[in-house]
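S.K.: give me a model of this one.
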Amino acid sequence: MSTVTNPVSTGFAPSHPAPFAHPRRMAAIAAILGVDPPEVAGATVVELGCADAANLLSIAAADPSLTAIGVDPSAAAIERARTVAEAAGLTGATLTEGAAAQADDGTADFVIASDVLSRVDAEARAAVLAEAARVARPGGLVMLSYDAIPGAVGRLFSRSIGRRAAAAEIEAGDAEGARVAAVSALRAAARNGAAGPDFVALATSEAERLAQLSADRVLHHELAEHWEPLTVSELATQAAAQGLAYLGELTPADRWRERFAEAEVRRIVGLAGKPSPALQQQVVDDMLGPASHASLFVRGAAPKEPIGGGARRPAGPAAAEWHVTIEHAGDWPELPIHLTAVGSQVRGAGPAGLSIAEITERTGVLADTARQAASTLDAAGLVRLSLSPPAGAMAPGDQPHLSALALAQLRLGQSMLTSLRHREVSVGDPRMRELLLLVDGTRDRAAIRAALEASTTEGVAELASSVDDLLEQFAAAGLLTA
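M.R.: Numbers count the residues shown, from 1 in each chain. Model prediction:
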């Protein structure tokens, strides 16, 4: 059986499914921002700089009707991606080494370049923008994520100290050694900082931030040779030169129009000086300092009356056809009555969520009102507003079946599985891995219990009595197709 290549020894970091780097999210936010989005079903999705394609393969696994095309300059990353795709039977995914995607001009409905632009030099960045514009069809959506100014400037501090302290480990490709050396140097700076409390505070915060990241992330991203944060206004100008019009941001916190009071909104619009969503977002960035962005562009012209930070009247399907799922399962802040009415219904619906039509039926509010309330809750990171229901089985069937991608990842020895809802699920516990390998669609629950009871692995037999509950958890996590 094939094994997954060790990323540390081959010069790339494992990628991850990013919630904002998904056609469903891109389509929903484009509609909120006033643009009629491409249909997701049957779409062509291109990812530039896909690394080992964890994001792209997650998209493809949840919707076999898609055409998924990925490209990355790392031969090792593409080899790993092909290994996983082949094991999962994702025959619709095309993965190639290089800089140009195997897509004809103007054929992609969705183009993704996640965490790429700040990791390359100016020449390569221009090439990425040109390639995104080449493959996107008129009206196609393009997502570009990057580290943002002014919020990311603290990383200049940690890079300056970290790259010097970890020079030998970086040269050797020792990811864990590089992280330890960088964190140790920053902590030493915090202890000995004679420059004052601001220096100590910055050294401390950067040390703790790096300590929380994976070793691969620190080596291949935080301490990478090329790193340049960008302003959203600068990137929008560069993209416009390629025919890509800036729409707004995909991360909930950046939907500022739905988060700020009307007086603050008027101040932001006034400071921007003209109806430019990019300039308005730059004013917000200068106020709040987000460290990164996931910016959404459209190939061609933006709406005639652009409204930065969210549209007053969304485009796309009728309000009743939209769908809402829970995003934050913990305690919610106190909310106005109209938001509480919608939010409480979604919270009680489980992983399947509710359509706006169902919310309207349960609450009596108009569909447009319910959708606007859901959009506000989405902007607060409490729910997820989408144009379609979530993928995957909502409850385990008679013969429960793990998704083909999750099974492939398990069999290849990966400890992080990708759900059909574009999330990662940790399965480091060997007992849980043994159980999941049994959920392959060939056994009913009784057979799964019998196999667990017969296992000689310590602690596995004890899981037999909890099979029903565990299968429900797998379904809730989006790991099951049946």
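
S.K.: roughly how far apart are Arg362 and Ala318?
M.R.: 18 Å (C-beta to C-beta, to the nearest Å). The way it works is simple: take the backbone N, C-alpha and C, and place the C-beta from them, glycine included.

S.K.: between the two, which one's more packed in?
M.R.: Arg362 (16 against 11; other C-beta atoms under 10 Å).

S.K.: now Gly139, nearest residue through space, not along the chain?
M.R.: For Gly139, ignoring the flanking residues on the chain, the nearest one in space by C-beta to C-beta, 6 or more residues apart in numbering is Gly300 at 6.0 Å.

S.K.: thought that neighbour was touching Arg137?
M.R.: No. Using C-beta atoms under 8 Å, Gly300 makes no contact with Arg137, being 9.1 Å away.

S.K.: where does the stretch 51-200 of the chain have low pLDDT?
M.R.: 193-195 (pLDDT under 70).

S.K.: over to the stretch 201-350 of the chain?
M.R.: Looking at the stretch 201-350 of the chain by pLDDT under 70, you get 304-313.

S.K.: so which residues of the stretch 351-482 of the chain form helices?
M.R.: Per DSSP state H, counting those that start in this stretch, the stretch 351-482 of the chain carries helices over the ranges 356-363, 367-379, 404-411, 430-438, 445-454, 467-476.

S.K.: which one's the longest strand in the protein?
M.R.: strand 136-147 (DSSP state E).

S.K.: what about Gly289, neighbour count?
M.R.: Neighbour count of Gly289, defined by other C-beta under 10 Å: 14.

S.K.: the residue nearest to it when sequence neighbours are not counted: neighbour count?
M.R.: The shortest distance from Gly289 to any residue other than its chain neighbours is 3.8 Å, reached at Gly151 (C-beta to C-beta, 6+ apart). Per other C-beta under 10 Å, the neighbour tally for Gly151 reads 17.

S.K.: verify the stated contact: Gly151 with His293.
M.R.: No. Between Gly151 and His293 there is no contact under C-beta under 8 Å: 9.0 Å.

S.K.: list the contacts of stretch 186-204.
M.R.: Residues outside stretch 186-204 that contact it (C-beta atoms under 8 Å, 6 or more residues apart in numbering) are 154, 157-158, 161-162, 206-207, 210.

S.K.: rerun at 6 Å
M.R.: For stretch 186-204, contacts defined as C-beta atoms under 6 Å, 6 or more residues apart in numbering pick out 157, 161, 206-207.

S.K.: same check on stretch 51-62?
M.R.: Residues beyond stretch 51-62 that count as contacts (C-beta under 6 Å, 6+ apart) turn out to be 12, 14-18, 21-22, 45, 47, 50, 66, 68, 70, 72, 77, 80-81, 85, 90, 93, 95, 391, 403, 405, 418, 420, 422.

S.K.: separation between the residue nearest to Ala454 when sequence neighbours are not counted and Leu452?
M.R.: Among residues not flanking Ala454 along the chain, Ala461 sits closest, at 7.8 Å (C-beta to C-beta, 6+ apart). The gap separating Ala461 from Leu452 is 6 Å, by C-beta to C-beta.

S.K.: more crowded one of those two?
M.R.: Leu452 (21 against 16).

S.K.: and Ala329, that's in a strand?
M.R.: No. Ala329 is assigned coil when assessed by DSSP: H, G, I helix; E, B strand; the rest coil, not a strand.

S.K.: so Thr481 touches Ala404, yeah?
M.R.: No. Thr481 lies out of contact with Ala404 (C-beta atoms under 6 Å); the separation is 7.7 Å.

S.K.: who has more neighbours, these two?
M.R.: Thr481 (21 against 17).

S.K.: residue boundaries of the strands in the stretch 101-250 of the chain?
M.R.: 108-113, 136-147, 244-249 (DSSP state E, counting those that start in this stretch).

S.K.: would you turn these into TSV with mean neighbour count and distance to Ser344?
M.R.: Converted to TSV, those look like this (neighbours: other C-beta atoms under 10 Å; distance: least, C-beta to C-beta, whole Å):
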stretch	mean neighbour count	distance to Ser344
strand 108-113	27	33
strand 136-147	23	32
strand 244-249	27	27
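
S.K.: wait, which of these is closest to Gly441?
M.R.: strand 108-113 (30.0 Å; C-beta to C-beta).

S.K.: what about the helix ranked longest in the chain, distance to the chain center?
M.R.: With secondary structure taken from DSSP state H, the chain has its longest helix at helix 175-192. Relative to its chain's centre, helix 175-192 lies at 28 Å (C-alpha atoms, centre = their mean, to the nearest Å).

S.K.: repeat for stretch 200-208
M.R.: 26 Å.

S.K.: same check on stretch 196-207?
M.R.: 29 Å.

S.K.: rewinding a little: any chance of the helices of the stretch 351-482 of the chain in JSON lines, plus distance to Gly348 and mean pLDDT?
M.R.: Putting these into JSON lines (distance: least, C-beta to C-beta, whole Å; pLDDT from 0 to 100) gives the following:
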{"stretch": "helix 356-363", "distance to Gly348": "9", "mean pLDDT": "95"}
{"stretch": "helix 367-379", "distance to Gly348": "14", "mean pLDDT": "90"}
{"stretch": "helix 404-411", "distance to Gly348": "27", "mean pLDDT": "96"}
{"stretch": "helix 430-438", "distance to Gly348": "28", "mean pLDDT": "96"}
{"stretch": "helix 445-454", "distance to Gly348": "27", "mean pLDDT": "96"}
{"stretch": "helix 467-476", "distance to Gly348": "14", "mean pLDDT": "95"}
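
S.K.: in a markdown table: those, plus distance to Gly270.
M.R.: Formatted as a markdown table, the helices of the stretch 351-482 of the chain follow (distance: least, C-beta to C-beta, whole Å):
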| stretch | distance to Gly270 |
| --- | --- |
| helix 356-363 | 34 |
| helix 367-379 | 22 |
| helix 404-411 | 48 |
| helix 430-438 | 55 |
| helix 445-454 | 62 |
| helix 467-476 | 46 |
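
S.K.: what's the closest of the ones you listed to Thr251?
M.R.: The nearest among the helices of the stretch 351-482 of the chain, by C-beta to C-beta, is helix 367-379 at 9.7 Å.

S.K.: quick check: buried residues in the closest one?
M.R.: The neighbour-count check on helix 367-379 (16 or more other C-beta atoms under 10 Å) flags 367, 369-379 as buried.

S.K.: could you do stretch 163-177 as well?
M.R.: Buried, per 16+ other C-beta under 10 Å, within stretch 163-177: 163, 165-166, 169-170, 173-175, 177.

S.K.: what does stretch 460-474 give?
M.R.: Result for stretch 460-474 [16+ other C-beta under 10 Å]: buried residues 460-461, 463-464, 467, 470-472, 474.

S.K.: and the furthest pair within those?
M.R.: Between any two of the buried residues of stretch 460-474 (C-beta to C-beta), the greatest distance is 20.2 Å, for Ala461 and Glu472.

S.K.: quick one: contacts for the residue nearest to Ala454?
M.R.: Listed by C-beta under 6 Å, 6+ apart, the contact set of Ala461 reads 452-453, 455.

S.K.: hang on, the earlier thing: in strands, which of the contacts of stretch 51-62 appear?
M.R.: Those of these lying in strands (DSSP E): 45, 47, 68, 70, 72, 93, 95, 418.

S.K.: using CSV, please lay out the residues you listed together with distance to Ile32 and neighbour count.
M.R.: Converted to CSV, these look like this (distance: C-beta to C-beta, whole Å; neighbours: other C-beta atoms under 10 Å):
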residue, distance to Ile32, neighbour count
Val45, 20, 25
Glu47, 23, 28
Ala68, 25, 26
Gly70, 27, 30
Asp72, 30, 25
Ala93, 29, 24
Leu95, 31, 26
Thr418, 26, 28
